[in-house]
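> next come a sequence and a model predicted from it.
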Amino acid sequence: MNWIIFSPELWLLATAGVFLFRSMMHPDPVRDHVLAMVTAAIAVGVALAGLGFSGDLFAGTYRVDLFSQFYKCLLAIGFFLVVCLCRDRTGVRDDLQAEFYLLLTVCTLAMTLLVSCVHLLTIYIALELSSYSLYILVSLRRDRERGIRAGLKYFLVGASASAIMLFGLALVYGTTGKAYLVELLVNLPVYTAQPAFSLGMLMVLCGFFFKLAIFPFHIWAPDVYEGAANPVAAYIATVSKVAAIGILIRMATLGGSGYFVDVLAVLAITSMTVGNLAALAQKDFKRLLAYSSVAHGGYVLIGVLSMGEAGYAAATFYAVAVLVMKFTCFMVVVNVAVGDGNPTVADLAGLHRRAPVMAIALMMALFGLAGIPPTIGFTGKLLLFTAAMSQGHFTLVLIAMVNVVISLYYYLMVLRAAYLLEPADDAPAFQETLSLKALSLVMIGAMVILGIYPHHLIELTRRAAALLS
């Protein structure tokens, strides 16, 4: 077996081993963070180096191709960016720093495995490994009562989604006798004629709907975002969402029937509408971002239900947009928060004076989430809506456009606080460090450049999506 093509996973496994060893030693938060930064940066390099790898491993249950490798690059980049936020503000006790980075690495490893799995059983195992890592990460918050409460709710909803998914896997395997995705894809027209198969596939996707916070599996999102430590919430909003989009696209190729597409359309509409309407009433910035994630999960479904190369490529492009835009918002959350608390929208008052570069980054991220040009968010939504229109989903696109207009209100309310309101007299002093300015500039550059010149990224996503058909 060619172990070289398995190198991103092996590096993350080795990193997890290092932090497992560190957890048995005397706590040293500074050393743990430096070690995490170095290993995460190397993980990005290893993932980028493996972008051109291809092949099958473990008796064909694990596929390495451009599609999986592209998502592994996104996961590694997201992992590195989240670690960058953890320098002084992990929100976790000092004696648990090594365990925090261990779980973060194990979760990233599980998601890296997830996007390459092409066997029903390995998909389920990888998904559960990532989920249980996140349950514990949420519970590790320094404010133990809030963290445990959020972690318990996350676990209960996740366990319910997992049970539904497992029953769906049983239906799929019971009606087909096949567990490899490629074998299911070959005889797909025959299988989709069986109601039990279509029902089973929808139940299987419930596990990924939970990860992506699709209605009605979104009920955990606002409480978990609010209750988790700020960097953990950033990880859930970015890296976890990227992995969910990747495996959802791979599994959606087995849908095919009109009934399947209709159900996805209903879920997309309800997710967009519920997410945006609920976000209008939020004062806590993290809860607002949680409901925003619910809405954006609905936008992703628009590309998935297009059931074609253009739709899958658009959803993959949007995964990049979500990673960049949501990370930028949580970069602001982590740095504006007082101690390990949760910032409200009002806490952003005067941000343009206190941290002008970061305020510009926040503005570009919110413009992107609202779909305003020339950001990557606008380009992503344009690709999604174009793919859906080409398949005749005019009503769906119209409803999505209405939801975009609704979302403009609460995004502009955040910008109003950052640019038009004056901070309170007792507002804590804030210093925009050189490293924070550099990170903000990188995010601004990514959002604008990929919005204006998206050609190369679009071409890469189309080449990756072409491998699924």
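Looks like it came in fine. Since the model is a prediction, treat every value here as computed from it, not as a measurement.
> now do the buried residues in the helix-or-strand element of the chain with minimal mean pLDDT.
Among the helical and strand segments of the chain, the one scoring lowest on mean pLDDT, DSSP states H and E is helix 188-192, with a mean of 76. In terms of neighbour count (16 or more other Cβ atoms under 10 Å), helix 188-192 has its buried residues at L188, Y191, T192. Glycine gets a C-beta too; all of them are placed from N, C-alpha and C.
> now do the contacts for the second one.
This means Y191. By Cβ atoms under 8 Å, 6 or more residues apart in numbering, Y191 lies in contact with T175, T176, L184, F197, L254.
> among the residues you listed, which two are most distant?
The distance between the two most remote of the contacts of Y191 (Cβ to Cβ) is 12.1 Å, for T175 and L254.
> and those two? which has more neighbours close in?
More neighbours sit around L254 than around the other of T175 and L254, counting by other Cβ atoms under 10 Å; the figures are 21 against 16.
> let me know the secondary structure of the more buried one.
The three-state label given to L254 by DSSP: H, G, I helix; E, B strand; the rest coil is coil.
> from E309, how far off is it?
To E309, L254 is 16 Å away according to Cβ to Cβ, to the nearest Å.
> how many neighbours does the nearest residue to A179 once chain neighbours are set aside have?
Using Cβ to Cβ, 6 or more residues apart in numbering and skipping the chain neighbours, the partner closest in space to A179 is L120 (4.6 Å). The local packing of L120 (other Cβ under 10 Å) involves 22 other residues.
> L120 contacts G177, correct?
No. Using Cβ atoms under 8 Å, L120 and G177 do not qualify as a contacting pair, with a distance of 11.7 Å.
> now the buried residues of helix 188-192 in TSV, with distance to I452?
What follows is those, written out as TSV (distance: Cβ to Cβ, whole Å):
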residue	distance to I452
L188	39
Y191	43
T192	41
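> from these, which is closest to L264?
Taking the buried residues of helix 188-192 together and measuring to L264 by Cβ to Cβ, the closest member is T192, at 14.0 Å.
> ok, that closest one to T176 distance?
Looking at T192 against T176, where the rule is Cβ to Cβ, the gap reads 11 Å.
> and if you look at W11?
Noted for W11: a distance of 36 Å to T176, by Cβ to Cβ.
> what residues does stretch 447-464 touch?
The list of residues contacting stretch 447-464 from outside it, by Cβ under 8 Å, 6+ apart, reads 65-67, 70, 309-310, 313-314, 316-317, 320-321, 324-325, 328, 364-365, 368, 373-379, 383.
> just the ones of those in helices?
Cross-referencing the contacts of stretch 447-464 against helices under DSSP state H gives 66-67, 70, 309-310, 313-314, 316-317, 320-321, 324-325, 328, 364-365, 368, 376-379, 383.
> buried ones in stretch 393-410?
For stretch 393-410, the buried set under the neighbour-count rule, 16+ other Cβ under 10 Å, comprises H393, L396, V397, I399, A400, N403, V404, I406, S407, L408, Y410.
> surely I269 is in contact with I399?
Yes. Here I269 lies in contact with I399, judged by Cβ under 8 Å, at a distance of 5.4 Å.
> in JSON lines: the contacts of Y191, plus distance to P343.
Putting the contacts of Y191 into JSON lines (distance: Cβ to Cβ, whole Å) gives the following:
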{"residue": "T175", "distance to P343": "49"}
{"residue": "T176", "distance to P343": "49"}
{"residue": "L184", "distance to P343": "46"}
{"residue": "F197", "distance to P343": "47"}
{"residue": "L254", "distance to P343": "42"}
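> ok, of these, which one's closest to V294?
In terms of Cβ to Cβ, no member of these lies closer to V294 than L254, at 24.7 Å.
> the closest one reaches L185, doesn't it?
Yes. L254 is in contact with L185 according to Cβ under 8 Å; the separation is 6.4 Å.
> one step back: which ones among the buried residues of stretch 393-410 map onto helices?
Judged by DSSP H, the subset of those located in helices is L396, V397, I399, A400, N403, V404, I406, S407, L408, Y410.
> gap between the third one and A388?
Spelled out, that is I399. Using Cβ to Cβ, we find I399 at a distance of 11 Å from A388.
> confirm that A281 sits in a strand.
No. When three-state DSSP is applied, A281 is found to be coil, with no strand at that position.
> quick revisit: need the ones in helices among the buried residues of stretch 393-410 in CSV (columns: distance to F155 and pLDDT).
Converted to CSV, these look like this (distance: Cβ to Cβ, whole Å; pLDDT from 0 to 100):
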residue, distance to F155, pLDDT
L396, 33, 90
V397, 37, 90
I399, 33, 93
A400, 32, 91
N403, 30, 92
V404, 34, 91
I406, 32, 92
S407, 30, 90
L408, 35, 91
Y410, 29, 91
